[in-house]
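Colleague: quick one: sequence and predicted model below, then my questions.
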Amino acid sequence: MAKKAAQTRAGSSTSNAKPNEASERRFIFGRPPGFDEKEFEKIREAISPLLQGNQRQIRKAAREHLHKLVIDDQVNDLSPIDKLLFSLSCTVSESALPGYATLDDAHSDDINTMTSLIETYIDDTSRRRPINFLMLASPGAGKSHFIDCIARRMHRRKIVANTFNMASMTTNEELIRPLDDARNAKVEDNIPLLFLDEFDSSPRNFALLLPLLWDGSLSLGQRDLKLNKSIIVMAGSSPSLPEALTHARSMRREIPLPDGTNPKLIDLFSRINGSVIRIPPFYDATTQVDRRSDKVAITVNLLRRRFGESLKAAPLPLFRFVAQATFRYDVRSIAHLVELIPYKKGVSTLTLDDLGLPIDSPEAIRASSLAYHLVDDQNQAHGIAEVWKRARNYDYVVPLHLELPFYGRGMESIPAEMIDFAIVQMLPMIDPDKYGK
(Lines give C-alpha, C1' and ligand atoms only; values in the text may rest on other atoms or scores of the structure.)
Protein backbone atom coordinates (compact mmCIF):
# COMPACT_ATOMS: atom_id res chain seq x y z
CA MET A 1 0.00 0.00 0.00
CA ALA A 2 2.76 2.45 0.96
CA LYS A 3 4.68 1.59 -2.22
CA LYS A 4 1.58 2.18 -4.35
CA ALA A 5 0.88 5.51 -2.66
CA ALA A 6 4.45 6.61 -3.24
CA GLN A 7 4.16 5.70 -6.92
CA THR A 8 0.96 7.72 -7.18
CA ARG A 9 2.62 10.79 -5.61
CA ALA A 10 5.63 10.47 -7.91
CA GLY A 11 3.56 10.23 -11.11
CA SER A 12 3.40 13.17 -13.49
CA SER A 13 -0.38 13.02 -13.93
CA THR A 14 -2.75 14.53 -11.38
CA SER A 15 -5.77 12.60 -12.62
CA ASN A 16 -5.56 10.07 -9.77
CA ALA A 17 -4.59 12.61 -7.10
CA LYS A 18 -7.03 13.65 -4.45
CA PRO A 19 -8.52 17.14 -4.86
CA ASN A 20 -6.53 18.63 -2.01
CA GLU A 21 -3.30 17.13 -3.40
CA ALA A 22 -3.97 18.60 -6.86
CA SER A 23 -4.69 22.02 -5.34
CA GLU A 24 -1.51 21.87 -3.32
CA ARG A 25 0.52 20.95 -6.41
CA ARG A 26 -0.96 23.86 -8.38
CA PHE A 27 -0.03 26.22 -5.56
CA ILE A 28 3.56 24.97 -5.63
CA PHE A 29 3.72 25.80 -9.34
CA GLY A 30 2.17 29.21 -8.69
CA ARG A 31 -1.61 28.74 -9.15
CA PRO A 32 -3.40 29.49 -5.85
CA PRO A 33 -6.27 27.16 -4.93
CA GLY A 34 -9.73 28.70 -4.95
CA PHE A 35 -8.72 31.65 -7.15
CA ASP A 36 -11.17 32.73 -9.85
CA GLU A 37 -9.88 31.10 -13.04
CA LYS A 38 -11.12 33.78 -15.47
CA GLU A 39 -9.63 36.60 -13.43
CA PHE A 40 -6.34 34.74 -13.12
CA GLU A 41 -6.20 34.23 -16.89
CA LYS A 42 -6.94 37.93 -17.46
CA ILE A 43 -4.00 38.90 -15.24
CA ARG A 44 -1.72 36.37 -16.90
CA GLU A 45 -2.62 37.71 -20.36
CA ALA A 46 -1.93 41.28 -19.23
CA ILE A 47 1.52 40.71 -17.69
CA SER A 48 2.91 37.97 -19.96
CA PRO A 49 4.33 40.47 -22.52
CA LEU A 50 6.42 41.94 -19.68
CA LEU A 51 7.79 38.56 -18.64
CA GLN A 52 8.17 36.55 -21.84
CA GLY A 53 9.93 37.25 -25.12
CA ASN A 54 13.19 38.85 -26.17
CA GLN A 55 14.32 42.00 -24.43
CA ARG A 56 13.26 44.35 -27.23
CA GLN A 57 9.72 42.97 -27.10
CA ILE A 58 9.62 43.27 -23.32
CA ARG A 59 10.95 46.84 -23.33
CA LYS A 60 8.43 47.83 -26.02
CA ALA A 61 5.57 46.43 -23.93
CA ALA A 62 6.85 48.31 -20.86
CA ARG A 63 7.10 51.60 -22.79
CA GLU A 64 3.58 51.17 -24.14
CA HIS A 65 2.15 50.51 -20.68
CA LEU A 66 3.83 53.56 -19.15
CA HIS A 67 2.69 55.77 -22.03
CA LYS A 68 -0.86 54.51 -21.64
CA LEU A 69 -0.99 54.76 -17.84
CA VAL A 70 1.08 57.89 -17.23
CA ILE A 71 2.02 59.90 -20.30
CA ASP A 72 -0.88 59.83 -22.76
CA ASP A 73 -3.78 60.16 -20.30
CA GLN A 74 -5.49 57.10 -21.77
CA VAL A 75 -6.61 55.69 -18.41
CA ASN A 76 -8.81 57.62 -16.00
CA ASP A 77 -9.53 54.85 -13.51
CA LEU A 78 -6.64 52.63 -12.47
CA SER A 79 -7.49 49.00 -11.82
CA PRO A 80 -5.34 46.64 -9.72
CA ILE A 81 -4.03 45.21 -13.00
CA ASP A 82 -3.08 48.71 -14.21
CA LYS A 83 -1.11 49.26 -11.01
CA LEU A 84 0.58 45.92 -11.48
CA LEU A 85 1.56 46.86 -15.04
CA PHE A 86 2.99 50.19 -13.87
CA SER A 87 5.20 48.56 -11.26
CA LEU A 88 6.30 45.70 -13.48
CA SER A 89 7.14 48.08 -16.34
CA CYS A 90 9.42 50.06 -14.02
CA THR A 91 11.04 46.82 -12.87
CA VAL A 92 11.73 45.91 -16.52
CA SER A 93 13.60 49.21 -16.95
CA GLU A 94 16.50 47.89 -14.84
CA SER A 95 16.93 44.63 -16.77
CA ALA A 96 19.89 45.87 -18.87
CA LEU A 97 21.75 47.30 -15.88
CA PRO A 98 20.49 46.78 -12.29
CA GLY A 99 20.01 50.09 -10.51
CA TYR A 100 19.98 52.05 -13.79
CA ALA A 101 16.61 52.67 -15.43
CA THR A 102 16.14 52.74 -19.19
CA LEU A 103 13.65 51.27 -21.66
CA ASP A 104 15.41 52.79 -24.68
CA ASP A 105 16.55 50.09 -27.13
CA ALA A 106 19.62 51.89 -28.47
CA HIS A 107 20.83 52.82 -24.99
CA SER A 108 20.24 49.27 -23.73
CA ASP A 109 22.21 47.92 -26.69
CA ASP A 110 25.10 50.24 -25.81
CA ILE A 111 25.05 48.95 -22.23
CA ASN A 112 25.08 45.32 -23.32
CA THR A 113 27.88 45.96 -25.81
CA MET A 114 29.99 47.72 -23.20
CA THR A 115 29.61 45.03 -20.54
CA SER A 116 30.28 42.27 -23.08
CA LEU A 117 33.48 43.97 -24.27
CA ILE A 118 34.67 44.43 -20.70
CA GLU A 119 34.03 40.75 -19.91
CA THR A 120 36.02 39.68 -22.98
CA TYR A 121 38.82 42.11 -22.13
CA ILE A 122 39.14 40.81 -18.58
CA ASP A 123 39.21 37.19 -19.73
CA ASP A 124 41.94 37.87 -22.30
CA THR A 125 45.07 37.71 -20.16
CA SER A 126 47.26 38.63 -23.14
CA ARG A 127 45.89 42.18 -23.27
CA ARG A 128 47.91 44.67 -21.24
CA ARG A 129 46.84 48.00 -22.72
CA PRO A 130 43.68 49.72 -21.43
CA ILE A 131 40.28 49.24 -23.02
CA ASN A 132 38.89 52.70 -23.77
CA PHE A 133 35.29 53.86 -24.11
CA LEU A 134 33.76 57.16 -25.17
CA MET A 135 30.54 58.37 -23.55
CA LEU A 136 28.45 61.11 -25.17
CA ALA A 137 25.95 62.67 -22.76
CA SER A 138 24.64 66.07 -21.77
CA PRO A 139 25.36 67.58 -18.33
CA GLY A 140 23.16 65.99 -15.67
CA ALA A 141 22.39 62.87 -17.73
CA GLY A 142 23.40 60.51 -14.91
CA LYS A 143 26.88 59.59 -16.14
CA SER A 144 28.47 58.99 -12.73
CA HIS A 145 25.53 56.86 -11.61
CA PHE A 146 25.82 54.86 -14.82
CA ILE A 147 29.50 54.14 -14.12
CA ASP A 148 28.74 53.15 -10.53
CA CYS A 149 26.08 50.71 -11.75
CA ILE A 150 28.51 49.19 -14.27
CA ALA A 151 31.04 48.64 -11.48
CA ARG A 152 28.42 47.13 -9.16
CA ARG A 153 27.12 44.81 -11.85
CA MET A 154 30.65 43.55 -12.50
CA HIS A 155 31.88 43.52 -8.90
CA ARG A 156 32.63 39.80 -9.09
CA ARG A 157 35.20 40.71 -11.72
CA LYS A 158 36.81 42.98 -9.10
CA ILE A 159 36.12 46.19 -11.02
CA VAL A 160 36.52 49.34 -8.93
CA ALA A 161 35.29 52.68 -10.28
CA ASN A 162 37.16 55.93 -9.77
CA THR A 163 35.70 59.23 -11.04
CA PHE A 164 37.53 62.44 -11.89
CA ASN A 165 36.04 65.58 -13.44
CA MET A 166 38.58 67.13 -15.76
CA ALA A 167 36.70 70.43 -15.87
CA SER A 168 38.08 71.15 -12.40
CA MET A 169 41.72 70.80 -13.51
CA THR A 170 43.99 73.81 -13.28
CA THR A 171 47.25 71.87 -13.75
CA ASN A 172 48.04 68.51 -15.35
CA GLU A 173 49.45 67.29 -12.03
CA GLU A 174 45.90 67.12 -10.66
CA LEU A 175 45.53 63.88 -12.62
CA ILE A 176 48.05 62.25 -10.29
CA ARG A 177 45.51 61.59 -7.52
CA PRO A 178 42.92 59.69 -9.62
CA LEU A 179 45.71 57.75 -11.33
CA ASP A 180 47.21 56.86 -7.95
CA ASP A 181 43.79 55.71 -6.77
CA ALA A 182 43.53 53.50 -9.85
CA ARG A 183 47.02 52.10 -9.24
CA ASN A 184 46.10 51.34 -5.63
CA ALA A 185 43.12 49.35 -6.89
CA LYS A 186 45.50 47.24 -8.98
CA VAL A 187 47.72 46.63 -5.96
CA GLU A 188 44.65 45.13 -4.25
CA ASP A 189 44.16 42.81 -7.26
CA ASN A 190 41.27 44.85 -8.66
CA ILE A 191 40.76 46.19 -12.17
CA PRO A 192 40.38 49.99 -12.11
CA LEU A 193 37.59 51.68 -14.06
CA LEU A 194 38.81 55.24 -14.50
CA PHE A 195 35.97 57.60 -15.42
CA LEU A 196 37.19 60.92 -16.83
CA ASP A 197 34.18 63.22 -16.98
CA GLU A 198 34.16 66.34 -19.15
CA PHE A 199 37.40 65.38 -20.88
CA ASP A 200 36.39 67.86 -23.60
CA SER A 201 36.28 70.84 -21.23
CA SER A 202 39.69 71.97 -22.53
CA PRO A 203 41.45 71.12 -25.83
CA ARG A 204 44.73 70.72 -23.93
CA ASN A 205 43.31 67.54 -22.37
CA PHE A 206 43.40 65.72 -25.72
CA ALA A 207 47.19 65.56 -26.08
CA LEU A 208 47.55 64.87 -22.35
CA LEU A 209 45.40 61.74 -22.54
CA LEU A 210 46.97 60.20 -25.67
CA PRO A 211 49.70 58.14 -23.92
CA LEU A 212 47.32 57.08 -21.15
CA LEU A 213 44.86 55.67 -23.66
CA TRP A 214 47.57 53.97 -25.69
CA ASP A 215 49.54 51.96 -23.12
CA GLY A 216 48.12 53.07 -19.78
CA SER A 217 51.08 55.24 -18.82
CA LEU A 218 51.45 58.95 -18.16
CA SER A 219 54.40 61.09 -17.05
CA LEU A 220 53.42 64.00 -14.82
CA GLY A 221 56.13 66.14 -13.23
CA GLN A 222 58.59 63.73 -11.64
CA ARG A 223 56.09 60.85 -11.66
CA ASP A 224 55.89 58.07 -14.24
CA LEU A 225 52.43 56.56 -13.68
CA LYS A 226 51.48 53.25 -15.25
CA LEU A 227 48.08 51.57 -15.22
CA ASN A 228 48.50 48.98 -17.98
CA LYS A 229 45.41 46.69 -17.88
CA SER A 230 42.51 48.94 -16.95
CA ILE A 231 39.19 50.35 -18.15
CA ILE A 232 39.02 54.02 -19.13
CA VAL A 233 35.78 55.83 -19.91
CA MET A 234 35.91 59.40 -21.21
CA ALA A 235 32.68 61.40 -21.13
CA GLY A 236 32.04 64.54 -23.13
CA SER A 237 29.07 66.81 -23.74
CA SER A 238 30.26 69.22 -26.44
CA PRO A 239 27.75 69.43 -29.33
CA SER A 240 30.66 69.16 -31.78
CA LEU A 241 31.78 65.73 -30.54
CA PRO A 242 29.30 63.59 -32.54
CA GLU A 243 30.20 65.36 -35.79
CA ALA A 244 33.93 65.07 -35.09
CA LEU A 245 33.47 61.39 -34.29
CA THR A 246 31.66 60.84 -37.59
CA HIS A 247 34.48 62.53 -39.50
CA ALA A 248 37.09 60.49 -37.62
CA ARG A 249 35.40 57.29 -38.83
CA SER A 250 35.02 58.50 -42.44
CA MET A 251 38.22 56.71 -43.61
CA ARG A 252 39.17 59.72 -45.73
CA ARG A 253 42.82 60.57 -46.13
CA GLU A 254 42.08 64.18 -45.27
CA ILE A 255 39.61 64.39 -42.40
CA PRO A 256 37.51 67.57 -42.31
CA LEU A 257 37.16 69.04 -38.85
CA PRO A 258 34.28 71.07 -37.41
CA ASP A 259 35.22 74.69 -36.80
CA GLY A 260 37.44 75.08 -33.76
CA THR A 261 38.12 71.35 -33.35
CA ASN A 262 41.59 70.44 -32.14
CA PRO A 263 43.25 67.95 -34.55
CA LYS A 264 44.42 65.95 -31.52
CA LEU A 265 40.79 64.99 -30.93
CA ILE A 266 40.86 62.78 -34.05
CA ASP A 267 43.99 61.06 -32.73
CA LEU A 268 42.22 60.60 -29.40
CA PHE A 269 39.22 58.95 -31.08
CA SER A 270 41.54 56.48 -32.82
CA ARG A 271 42.40 55.07 -29.39
CA ILE A 272 38.80 54.13 -28.60
CA ASN A 273 39.19 50.35 -28.72
CA GLY A 274 36.02 49.69 -26.75
CA SER A 275 32.76 51.28 -27.87
CA VAL A 276 30.81 54.54 -27.87
CA ILE A 277 28.03 54.88 -25.28
CA ARG A 278 25.37 57.49 -25.92
CA ILE A 279 22.95 58.59 -23.22
CA PRO A 280 20.12 60.03 -25.34
CA PRO A 281 18.09 63.10 -24.33
CA PHE A 282 14.66 62.48 -22.84
CA TYR A 283 12.89 63.91 -25.84
CA ASP A 284 14.03 65.13 -29.27
CA ALA A 285 11.45 65.27 -32.05
CA THR A 286 14.12 65.91 -34.71
CA THR A 287 15.85 62.58 -34.03
CA GLN A 288 12.65 60.76 -32.98
CA VAL A 289 13.93 60.14 -29.47
CA ASP A 290 11.21 59.74 -26.86
CA ARG A 291 12.41 58.60 -23.43
CA ARG A 292 9.55 59.97 -21.39
CA SER A 293 8.87 56.48 -20.10
CA ASP A 294 12.46 56.49 -18.83
CA LYS A 295 11.68 59.66 -16.86
CA VAL A 296 8.94 57.75 -15.03
CA ALA A 297 11.17 54.75 -14.28
CA ILE A 298 14.07 57.01 -13.22
CA THR A 299 11.77 58.83 -10.78
CA VAL A 300 10.81 55.49 -9.23
CA ASN A 301 14.51 54.67 -8.92
CA LEU A 302 15.29 58.04 -7.32
CA LEU A 303 12.41 57.75 -4.83
CA ARG A 304 13.58 54.34 -3.69
CA ARG A 305 17.15 55.60 -3.31
CA ARG A 306 15.98 58.60 -1.24
CA PHE A 307 13.42 56.92 1.00
CA GLY A 308 14.86 53.41 1.11
CA GLU A 309 13.41 49.97 0.61
CA SER A 310 10.54 50.70 2.99
CA LEU A 311 8.87 52.93 0.37
CA LYS A 312 6.41 50.78 -1.56
CA ALA A 313 4.05 53.29 -3.22
CA ALA A 314 3.86 56.90 -4.40
CA PRO A 315 1.23 59.18 -6.00
CA LEU A 316 0.64 58.86 -9.73
CA PRO A 317 0.42 62.68 -10.21
CA LEU A 318 4.14 62.96 -9.40
CA PHE A 319 5.02 60.65 -12.29
CA ARG A 320 2.60 62.39 -14.66
CA PHE A 321 4.21 65.72 -13.84
CA VAL A 322 7.76 64.43 -14.34
CA ALA A 323 6.81 62.82 -17.66
CA GLN A 324 5.24 66.03 -19.05
CA ALA A 325 7.57 68.71 -17.64
CA THR A 326 10.84 69.70 -19.31
CA PHE A 327 13.92 69.48 -17.09
CA ARG A 328 17.01 71.53 -17.87
CA TYR A 329 19.58 69.03 -16.57
CA ASP A 330 17.77 65.75 -17.21
CA VAL A 331 18.34 63.24 -14.38
CA ARG A 332 20.06 65.73 -12.10
CA SER A 333 17.05 68.06 -12.25
CA ILE A 334 14.59 65.22 -11.57
CA ALA A 335 16.79 64.21 -8.62
CA HIS A 336 16.57 67.77 -7.31
CA LEU A 337 12.77 67.61 -7.51
CA VAL A 338 12.74 64.35 -5.55
CA GLU A 339 15.09 65.79 -2.93
CA LEU A 340 12.59 68.60 -2.27
CA ILE A 341 10.02 66.06 -1.03
CA PRO A 342 10.15 66.14 2.80
CA TYR A 343 11.96 63.06 4.10
CA LYS A 344 10.09 60.59 6.29
CA LYS A 345 12.06 57.75 7.78
CA GLY A 346 10.53 54.33 7.21
CA VAL A 347 7.60 55.65 5.18
CA SER A 348 5.84 52.97 3.14
CA THR A 349 3.43 55.13 1.11
CA LEU A 350 3.81 58.72 -0.07
CA THR A 351 0.54 60.54 -0.64
CA LEU A 352 -0.18 63.66 -2.65
CA ASP A 353 -0.18 65.70 0.57
CA ASP A 354 3.26 64.35 1.50
CA LEU A 355 4.97 65.78 -1.59
CA GLY A 356 5.01 69.42 -0.51
CA LEU A 357 6.48 70.57 -3.82
CA PRO A 358 6.46 74.29 -4.74
CA ILE A 359 4.67 73.78 -8.06
CA ASP A 360 1.09 74.83 -7.29
CA SER A 361 1.52 78.31 -8.75
CA PRO A 362 3.85 80.17 -11.13
CA GLU A 363 4.92 82.42 -8.26
CA ALA A 364 5.89 79.47 -6.08
CA ILE A 365 7.88 77.88 -8.92
CA ARG A 366 9.79 81.06 -9.76
CA ALA A 367 10.60 81.65 -6.08
CA SER A 368 11.96 78.14 -5.55
CA SER A 369 15.18 76.40 -6.55
CA LEU A 370 13.17 74.53 -9.20
CA ALA A 371 13.44 77.65 -11.33
CA TYR A 372 17.00 76.53 -12.11
CA HIS A 373 15.83 73.10 -13.22
CA LEU A 374 12.51 73.48 -15.07
CA VAL A 375 12.09 74.93 -18.57
CA ASP A 376 9.07 76.95 -19.73
CA ASP A 377 10.09 79.15 -22.65
CA GLN A 378 6.68 80.65 -23.40
CA ASN A 379 4.74 81.00 -20.18
CA GLN A 380 7.27 81.78 -17.43
CA ALA A 381 6.17 78.94 -15.14
CA HIS A 382 2.45 79.23 -15.95
CA GLY A 383 2.76 76.21 -18.25
CA ILE A 384 4.55 74.20 -15.53
CA ALA A 385 1.84 75.02 -12.99
CA GLU A 386 -0.77 73.92 -15.53
CA VAL A 387 1.02 70.60 -16.05
CA TRP A 388 0.83 69.99 -12.30
CA LYS A 389 -2.81 71.03 -12.16
CA ARG A 390 -3.72 68.46 -14.82
CA ALA A 391 -1.58 65.78 -13.18
CA ARG A 392 -3.39 66.23 -9.85
CA ASN A 393 -6.65 65.11 -11.44
CA TYR A 394 -5.44 61.50 -11.16
CA ASP A 395 -5.05 61.05 -7.41
CA TYR A 396 -3.97 57.41 -7.33
CA VAL A 397 -1.16 55.74 -5.45
CA VAL A 398 0.88 53.24 -7.49
CA PRO A 399 3.34 50.55 -6.31
CA LEU A 400 6.95 51.29 -7.11
CA HIS A 401 8.83 48.05 -7.54
CA LEU A 402 8.36 44.30 -7.65
CA GLU A 403 11.04 41.88 -6.52
CA LEU A 404 11.09 39.02 -9.00
CA PRO A 405 13.94 36.66 -8.07
CA PHE A 406 13.86 34.87 -11.43
CA TYR A 407 13.76 38.04 -13.51
CA GLY A 408 16.75 38.67 -15.73
CA ARG A 409 17.94 39.02 -19.29
CA GLY A 410 17.15 35.48 -20.47
CA MET A 411 13.36 35.72 -20.47
CA GLU A 412 12.52 34.04 -23.76
CA SER A 413 11.16 30.81 -22.29
CA ILE A 414 9.75 31.32 -18.81
CA PRO A 415 7.41 28.42 -17.99
CA ALA A 416 3.75 29.29 -17.58
CA GLU A 417 3.89 27.92 -14.03
CA MET A 418 6.58 30.48 -13.17
CA ILE A 419 4.37 33.30 -14.40
CA ASP A 420 1.54 31.94 -12.26
CA PHE A 421 3.87 31.94 -9.29
CA ALA A 422 4.86 35.55 -10.05
CA ILE A 423 1.19 36.56 -10.14
CA VAL A 424 0.61 35.04 -6.70
CA GLN A 425 3.58 37.01 -5.31
CA MET A 426 2.50 40.29 -6.91
CA LEU A 427 -1.19 40.50 -6.13
CA PRO A 428 -1.03 41.09 -2.36
CA MET A 429 1.19 44.11 -3.01
CA ILE A 430 -1.21 45.54 -5.57
CA ASP A 431 -4.53 45.06 -3.79
CA PRO A 432 -4.03 43.74 -0.23
CA ASP A 433 -7.74 43.96 0.61
CA LYS A 434 -8.74 41.64 -2.20
CA TYR A 435 -5.64 39.54 -2.71
CA GLY A 436 -4.00 39.66 0.69
CA LYS A 437 -2.72 36.46 2.19
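Modeller: On my side now, so go ahead.

Colleague: please count neighbours and contacts with C-alpha atoms only from this point.
Modeller: OK.

Colleague: what is the neighbour count of residue 252?
Modeller: A count of nearby residues for residue 252, using other CA atoms under 10 Å, gives 9.

Colleague: quick one: it from residue 273, how far?
Modeller: Counting by CA to CA, to the nearest Å, the gap from residue 252 to residue 273 is 19 Å.

Colleague: how about residue 142?
Modeller: 23 Å.

Colleague: swap in residue 346?
Modeller: Residue 346 is 46 Å from residue 273, by CA to CA.

Colleague: look at those two and report which has more neighbours.
Modeller: Neighbour count, other CA under 10 Å: between residue 346 and residue 273, residue 273 has more, with 15 against 11.

Colleague: just checking, the more buried one is part of a helix?
Modeller: No: counting by DSSP: H, G, I helix; E, B strand; the rest coil, residue 273 is not part of a helix but coil.

Colleague: that one: what's it in contact with?
Modeller: Under the criterion of CA atoms under 8 Å, 6 or more residues apart in numbering, the neighbours of residue 273 are 131, 132, 133.

Colleague: mind running it again at 10 Å?
Modeller: Residues near residue 273 by CA atoms under 10 Å, 6 or more residues apart in numbering: 117, 130, 131, 132, 133, 134, 213, 214.

Colleague: quick one: pLDDT of it?
Modeller: On the pLDDT scale, residue 273 is placed at 96.

Colleague: and the helices in the stretch 251-400 of the chain, which stretches?
Modeller: Remark: helices assigned in the stretch 251-400 of the chain by DSSP state H, counting those that start in this stretch are 264-269, 292-307, 316-324, 330-339, 352-355, 362-367, 382-391.

Colleague: which parts of the second one are buried?
Modeller: Along helix 292-307, these residues count as buried under the neighbour rule (16 or more other CA atoms under 10 Å): 292-304, 306-307.

Colleague: which secondary structure elements does that helix contact?
Modeller: Packed against helix 292-307 by the contact rule (3 or more CA pairs under 10 Å, 6 or more residues apart in numbering; DSSP states H and E) you find helix 55-66, helix 80-92, strand 313-315, helix 316-324, helix 330-339.

Colleague: in JSON lines: those, plus distance to residue 364 and mean pLDDT.
Modeller: Listed next are those as JSON lines, based on distance: least, CA to CA, whole Å; pLDDT from 0 to 100:
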{"stretch": "helix 55-66", "distance to residue 364": "29", "mean pLDDT": "95"}
{"stretch": "helix 80-92", "distance to residue 364": "30", "mean pLDDT": "91"}
{"stretch": "strand 313-315", "distance to residue 364": "21", "mean pLDDT": "95"}
{"stretch": "helix 316-324", "distance to residue 364": "16", "mean pLDDT": "96"}
{"stretch": "helix 330-339", "distance to residue 364": "14", "mean pLDDT": "98"}
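
Colleague: out of those, nearest to residue 257?
Modeller: Nearest to residue 257, of all the helices and strands packed on helix 292-307, is helix 330-339, at 29.2 Å by CA to CA.

Colleague: quick one: low-confidence ranges for the protein?
Modeller: Applying pLDDT under 70 to the chain flags the ranges 1-36, 74, 259-260, 403-414, 429-432, 434-437.

Colleague: all strands of this protein, in order?
Modeller: Listed in chain order, the strands of the chain (DSSP state E) span 131-136, 159-165, 191-197, 217-220, 223-226, 231-236, 276-278, 283-284, 289-290, 313-315, 326-327, 374-375, 397-399.

Colleague: any chance of those in JSON lines, plus mean neighbour count and distance to residue 207?
Modeller: Output for the strands of the chain, formatted as JSON lines (neighbours: other CA atoms under 10 Å; distance: least, CA to CA, whole Å):
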{"stretch": "strand 131-136", "mean neighbour count": "22", "distance to residue 207": "15"}
{"stretch": "strand 159-165", "mean neighbour count": "20", "distance to residue 207": "17"}
{"stretch": "strand 191-197", "mean neighbour count": "24", "distance to residue 207": "14"}
{"stretch": "strand 217-220", "mean neighbour count": "17", "distance to residue 207": "11"}
{"stretch": "strand 223-226", "mean neighbour count": "13", "distance to residue 207": "16"}
{"stretch": "strand 231-236", "mean neighbour count": "24", "distance to residue 207": "14"}
{"stretch": "strand 276-278", "mean neighbour count": "20", "distance to residue 207": "20"}
{"stretch": "strand 283-284", "mean neighbour count": "12", "distance to residue 207": "33"}
{"stretch": "strand 289-290", "mean neighbour count": "14", "distance to residue 207": "34"}
{"stretch": "strand 313-315", "mean neighbour count": "22", "distance to residue 207": "49"}
{"stretch": "strand 326-327", "mean neighbour count": "20", "distance to residue 207": "35"}
{"stretch": "strand 374-375", "mean neighbour count": "20", "distance to residue 207": "37"}
{"stretch": "strand 397-399", "mean neighbour count": "22", "distance to residue 207": "50"}
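
Colleague: let's have these in CSV, adding distance to residue 95.
Modeller: As requested, the strands of the chain are exported to CSV (distance: least, CA to CA, whole Å):
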stretch, distance to residue 95
strand 131-136, 20
strand 159-165, 20
strand 191-197, 22
strand 217-220, 36
strand 223-226, 36
strand 231-236, 22
strand 276-278, 17
strand 283-284, 22
strand 289-290, 19
strand 313-315, 21
strand 326-327, 25
strand 374-375, 29
strand 397-399, 18
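
Colleague: so for residue 209, which of the ones you listed sits nearest?
Modeller: strand 217-220 (8.0 Å).

Colleague: who are the packing partners of the closest one?
Modeller: Packing partners of strand 217-220 (3+ CA pairs under 10 Å, 6+ apart): helix 176-187, helix 204-215, strand 223-226.

Colleague: can I get the helices of the stretch 251-400 of the chain in JSON lines with distance to residue 149?
Modeller: Shown next, in JSON lines, are these (distance: least, CA to CA, whole Å):
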{"stretch": "helix 264-269", "distance to residue 149": "25"}
{"stretch": "helix 292-307", "distance to residue 149": "13"}
{"stretch": "helix 316-324", "distance to residue 149": "23"}
{"stretch": "helix 330-339", "distance to residue 149": "15"}
{"stretch": "helix 352-355", "distance to residue 149": "28"}
{"stretch": "helix 362-367", "distance to residue 149": "33"}
{"stretch": "helix 382-391", "distance to residue 149": "32"}
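
Colleague: and of those, who's closest to residue 81?
Modeller: Closest of the helices of the stretch 251-400 of the chain to residue 81 is helix 316-324, at 14.8 Å (criterion: CA to CA).

Colleague: and the closest one with helix 55-66, angle?
Modeller: Put simply, helix 316-324 runs at 120 degrees to helix 55-66, going by axes from the mean of the first three to the mean of the last three CA atoms, to 10 degrees.

Colleague: so who does residue 335 touch?
Modeller: Residues near residue 335 by CA under 10 Å, 6+ apart: 140, 142, 298, 299, 301, 302, 303, 306, 329.
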